[in-house]
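Q: 3D, please:
(one chain, ligands or ions: 1)
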Amino acid sequence: MLNQKLDLLHPYPFERLAKLQAGIEPDSSHLPINLSIGEPRHPTPALLTEAMCANVAGLASYPATAGSAPLRDAIAAWIGRRYGVEVDPATEVLPVNGSREALFAFAQVVIDSAEGGHVVCPNPFYQIYEGAALLAGATPWYLPQKPEHGYRCDWSSVPGEVWASTRLVYLCTPGNPTGVVTTLDEWRALFELSDRHGFAIASDECYSEIYFDEAAPPLGALQAARALGRGFDRLVAFSSLSKRSNAPGLRSGFVAGDAALLGRFLRYRTYHGSAMSPVVQAASITAWADEAHVADNRRLYREKFDAVTPLLARVLEVSRPEAGFYLWARVPGGDDIQFGLDLLRQYNVRVLPGSLLAREWRGENPGAGFVRIALVDTPANCLEAAGRIQQFASGS
Ligand SMILES: Cc1ncc(COP(=O)(O)O)c(C=O)c1O
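A: Numbering: from 1, shown residues only. Next up is the predicted model:
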């Protein structure tokens with residue numbers, strides 16, 4: 001009667017966290033600070049809100065699923081400036097309503113539910129990859145990101161028979177929660193595997209604009225393909241304004257890459273009814289065209305990481321990530337759940353226990369023993385939280 005596959009979906013990390021935290025009474029002598037959720041909290045730039053207000057007339061018409069030509073042009077131009085890669089705005093770019101829905105829906109394009117197959121994804125991970133695989137009728141293969149391997153995905157650990165039935169690989173670069181950026185050598189190895197086995201690659205790049213060295217932005221999938229002298233065969237990159245432009249409520253991003261896959265995706269999306277509002281399209285054009293607000297945003301994150309990381313490093317095993325806005329810290333004693341609950345009870349600071357961000361699989365949970373700390377709050381609150389974590393972890 002009902003779709004039984006819905007029962008395969010695991011509770012979302014924050015659902016599990018809320019259950020664990022139920023009944024805890026945080027020490028109210030401390031003001032609450034929440035660094036558990038990866039929601040940007042720097043102000044949304046006025047240029048976006050002004051563009052929305054100036055374009056409300058757009059509400060009078062149905063938008064095309066492919067987006068307007070000016071939006072696709074603006075995205076293609078941004079890709080050109082950011083990655084030095086030329087894409088055809090007519091066939092190699094599609095606007096999406098945030099990268100989350102697109103990462104989820106894309107599995108429907110490459111997985112034939114009658115046939116199933118494998119979807120390879122990192123672990124710990126953004127849980128949408130797993131849900132997309134399960135609802136499409138595929139079986140996830142979880143690639144552990146372990147400290148002893150620098151939290152990198154080891155493609156060579158996937159057995160040949162799994163690759164042979166793999167339809168899709170999700171990867172996240174810069175990674176959530178580890179901040180690791182996929183290197184050109186890693187891309188080369190993955191492209192070779194894709195050429196051999198025919199699977200598609202979904203590169204989740206929603207943290208690509210949060211980095212520390214203005215002269216060295218993280219490598220992107222399309223850029224890697226071009227650097228290796230390839231086209232975009234079986235490759236699609238997912239990008240978003242949510243973190244780049246502090247606009248998670250806008251619901252705006254894009255996918256870019258393999259024209260044949262995007263043609264199929266457009267067909268799927270037309271039926272699914274996921275066109276972007278013309279008002280959001282107008283604001284998105286403005287956002288993709290402006291880099292000043294993005295550089296300001298990065299500066300703010302940089303200042304927070306510079307202030308907070310050395311403090312935390314005195315009591316936790318942690319270092320500044322390559323990119324993104326998370327610290328992935330190993331907790332003393334190794335019990336991340338207890339660490340998170342006790343920190344909340346005693347110091348009113350919320351962080352996300354790493355085991356909730358990873359799947360326990362084949363006897364191990366590669367997120368266990370770690371917490372994710374999102375430096376999304378004001379510099380003062382992040383610093384205050386770091387001071388409290390320091391006190392907590394040193395037992396004073
Ligand atoms: C790894 C990762 N991918 C994708 C998303 C989705 O972002 P959005 O749908 O806002 O573009 C998030 C949001 O937190 C994320 O952490």
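Q: residue ranges with poor pLDDT in this structure?
A: Residue ranges of the chain with pLDDT under 70: 396.
Q: interface residues of it facing the ligand?
A: 38, 98-100, 126, 172, 176, 204, 206, 240, 242, 248, 253 (C-beta under 6 Å from any ligand atom). Every C-beta, even on glycine, is put in place using the N, C-alpha and C of the backbone.
Q: Not counting its own residues, what contacts stretch 39-56?
A: For stretch 39-56, contacts defined as C-beta atoms under 8 Å, 6 or more residues apart in numbering pick out 242-243, 245-250, 278-280, 282-283, 285-287, 290, 293, 297, 300, 325, 374, 376-378.
Q: Repeat the analysis, applying 6 Å as the threshold.
A: Residues outside stretch 39-56 that contact it (C-beta atoms under 6 Å, 6 or more residues apart in numbering): 243, 246-248, 279, 282-283, 286-287, 293, 297, 300, 376.
Q: Equivalent analysis for stretch 312-331, please.
A: With C-beta under 6 Å, 6+ apart, stretch 312-331 has contacts from 174, 177-179, 181, 207, 210-211, 218, 301, 305, 309, 339, 369-375, 386, 390, 393-394.
Q: Cross those residues against helices and list the overlap.
A: 301, 305, 309, 339, 386, 390, 393 (DSSP state H).
Q: Select from those residues the one having the most neighbours.
A: residue 386 (26 neighbours; other C-beta atoms under 10 Å).
Q: Which of the three states applies to residue 283?
A: Recorded secondary structure, residue 283: helix (DSSP: H, G, I helix; E, B strand; the rest coil).
Q: and it, how many neighbours does it have?
A: For residue 283, using other C-beta under 10 Å, the count is 25.
Q: mind checking how far it is from the ligand?
A: 14 Å (C-beta to the nearest ligand atom, to the nearest Å).
Q: want to try TSV for the residues of the chain next to the ligand, with secondary structure, distance to residue 222 and neighbour count as columns?
A: Converted to TSV, the residues of the chain next to the ligand look like this (DSSP: H, G, I helix; E, B strand; the rest coil; distance: C-beta to C-beta, whole Å; neighbours: other C-beta atoms under 10 Å):
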residue	secondary structure	distance to residue 222	neighbour count
38	coil	24	20
98	coil	20	21
99	helix	15	27
100	helix	20	20
126	coil	20	22
172	strand	16	27
176	coil	20	25
204	strand	13	28
206	coil	15	24
240	strand	15	26
242	helix	20	22
248	coil	24	18
253	strand	15	26
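Q: With distance to residue 360 as extra columns, can I get those in TSV?
A: Putting these into TSV (distance: C-beta to C-beta, whole Å) gives the following:
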residue	distance to residue 360
38	21
98	28
99	26
100	23
126	17
172	19
176	19
204	22
206	25
240	29
242	29
248	29
253	30
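Q: Tell me the secondary structure at the closest residue to residue 272 other than its chain neighbours.
A: Closest residue to residue 272 apart from its sequence neighbours, by C-beta to C-beta, 6 or more residues apart in numbering: residue 105 at 6.5 Å. Applying three-state DSSP to residue 105 yields a three-state assignment of helix.
Q: tally of neighbours for residue 105?
A: There are 19 residues near residue 105, going by other C-beta under 10 Å.
Q: any idea how far it is from residue 268?
A: Distance of residue 105 to residue 268, given as C-beta to C-beta, to the nearest Å: 7 Å.
Q: before we move on, which element is residue 202 in?
A: strand 200-204 (DSSP states H and E).
Q: and what of residue 140?
A: Assigned by DSSP H and E, residue 140 falls in strand 139-144.
Q: If you count contacts, what does that strand end up packed against?
A: strand 118-123 (3 or more C-beta pairs under 6 Å, 6 or more residues apart in numbering; DSSP states H and E).
Q: Give the pairing partners of the strand it packs on; include direction for each.
A: strand 139-144 (parallel), strand 166-172 (parallel) (DSSP bridges).
Q: Please identify the most buried of these.
A: The highest mean neighbour count among these, using mean count of other C-beta atoms under 10 Å, belongs to strand 166-172: a mean of 25.
Q: before we move on, the earlier item: could you dump the strands paired with strand 118-123 to a markdown table with distance to residue 49?
A: Shown next, in a markdown table, are the strands paired with strand 118-123 (distance: least, C-beta to C-beta, whole Å):
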| stretch | distance to residue 49 |
| --- | --- |
| strand 139-144 | 39 |
| strand 166-172 | 29 |
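Q: right, and the ones you listed - which one's nearest residue 34?
A: strand 166-172 (22.5 Å; C-beta to C-beta).
Q: what's that closest one in contact with?
A: 110-111, 117-121, 129, 197, 199-204.
Q: Which residue, neighbours along the chain excluded, lies closest to residue 342?
A: That would be residue 392: by C-beta to C-beta, 6+ apart, it lies 7.2 Å from residue 342.
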